[in-house]
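K.L.:
Predicted model, plus sequence, below.
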Amino acid sequence: MARQLESGDDAEDNITGEDGESIPQEVSIVTIPEPKQIPRSAFKQRRVERMEDLPFTHDERLAIEQEIIIANTSMRNMEETKKAQDKVWNGQIAQYEATMNDAIDVLKKGTFTISVERIEEMDYEHSTVTYYDVVTGNEVDSRNMTEDEQQTRMNF
């Protein structure tokens with residue numbers, strides 16, 4: 001099947017085709033090939049799932065925007081909660097660090113320091129200070145008075 005398009009009338013522009021008919025030179029011949037018949041056994045069929053972009057409606061757009069707003073609000077709330085929780089955690093960590101540092105200081109010093117209630121007795125005659133246990137009344141420690149402790153009057 002051939003289709004002919006003629007563009008000129010000049011006899012010298014024509015050439016002769018297979019059937020002896022003259023064909024102008026500016027004629028395009030388009031031949032459409034017959035489809036090949038492929039045997040059915042050469043086909044393979046299977047179901048596949050593909051992703052396709054589908055335009056959304058105005059209502060769907062509003063729903064997506066609402067989902068973004070809700071997610072953003074939730075995220076910000078979680079960030080604020082995290083900041084508050086971080087303060088709590090940081091406070092607890094600071095307490096553990098202080099406890100650890102105190103324990104290290106005790107180990108370095110080699111002795112414990114505790115608060116003990118004592119009775120302090122100042123003997124101005126012998127310039128000594130003596131400490132007694134509140135519960136038992138036994139002497140615990142004594143030392144010489146400092147110059148400031150020996151002063152009994154205020155100088156103006």
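P.N.:
Structure's in. What do you need? Predicted model, so just to flag it, every value in this text is computed and none were measured.
K.L.:
Could you export stretch 116-129 as PDB, CA atoms only?
P.N.:
C-alpha atoms of stretch 116-129 as PDB (Å, rounded to 0.1, in the frame of the first residue of the first chain):
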ATOM      1  CA  VAL A 116      29.300  16.700 115.200                       C
ATOM      2  CA  GLU A 117      27.800  18.800 118.000                       C
ATOM      3  CA  ARG A 118      30.400  19.500 120.800                       C
ATOM      4  CA  ILE A 119      30.700  21.600 123.800                       C
ATOM      5  CA  GLU A 120      33.500  24.200 123.500                       C
ATOM      6  CA  GLU A 121      35.200  25.300 126.700                       C
ATOM      7  CA  MET A 122      37.600  28.300 126.700                       C
ATOM      8  CA  ASP A 123      40.100  28.400 129.500                       C
ATOM      9  CA  TYR A 124      41.500  32.000 129.600                       C
ATOM     10  CA  GLU A 125      43.700  31.200 132.600                       C
ATOM     11  CA  HIS A 126      45.600  28.500 130.700                       C
ATOM     12  CA  SER A 127      44.800  29.900 127.100                       C
ATOM     13  CA  THR A 128      43.300  26.600 125.900                       C
ATOM     14  CA  VAL A 129      40.200  25.600 124.100                       C
END
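K.L.:
Give me the mean pLDDT for that stretch.
P.N.:
For stretch 116-129, the mean per-residue pLDDT is 90.
K.L.:
which residues touch that stretch?
P.N.:
With Cβ atoms under 8 Å, 6 or more residues apart in numbering as the test, stretch 116-129 has contacts from 130-134, 140, 142-145, 149-150, 152. Just so you know, the C-beta spots here come from the backbone N, C-alpha and C atoms, and that holds for glycine as well.
K.L.:
Now render those residues as JSON lines, adding neighbour count and distance to residue 75.
P.N.:
Output for the contacts of stretch 116-129, formatted as JSON lines (neighbours: other Cβ atoms under 10 Å; distance: Cβ to Cβ, whole Å):
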{"residue": "130", "neighbour count": "16", "distance to residue 75": "69"}
{"residue": "131", "neighbour count": "15", "distance to residue 75": "63"}
{"residue": "132", "neighbour count": "16", "distance to residue 75": "66"}
{"residue": "133", "neighbour count": "14", "distance to residue 75": "63"}
{"residue": "134", "neighbour count": "11", "distance to residue 75": "61"}
{"residue": "140", "neighbour count": "13", "distance to residue 75": "63"}
{"residue": "142", "neighbour count": "13", "distance to residue 75": "69"}
{"residue": "143", "neighbour count": "10", "distance to residue 75": "66"}
{"residue": "144", "neighbour count": "10", "distance to residue 75": "70"}
{"residue": "145", "neighbour count": "15", "distance to residue 75": "69"}
{"residue": "149", "neighbour count": "14", "distance to residue 75": "66"}
{"residue": "150", "neighbour count": "11", "distance to residue 75": "71"}
{"residue": "152", "neighbour count": "6", "distance to residue 75": "73"}
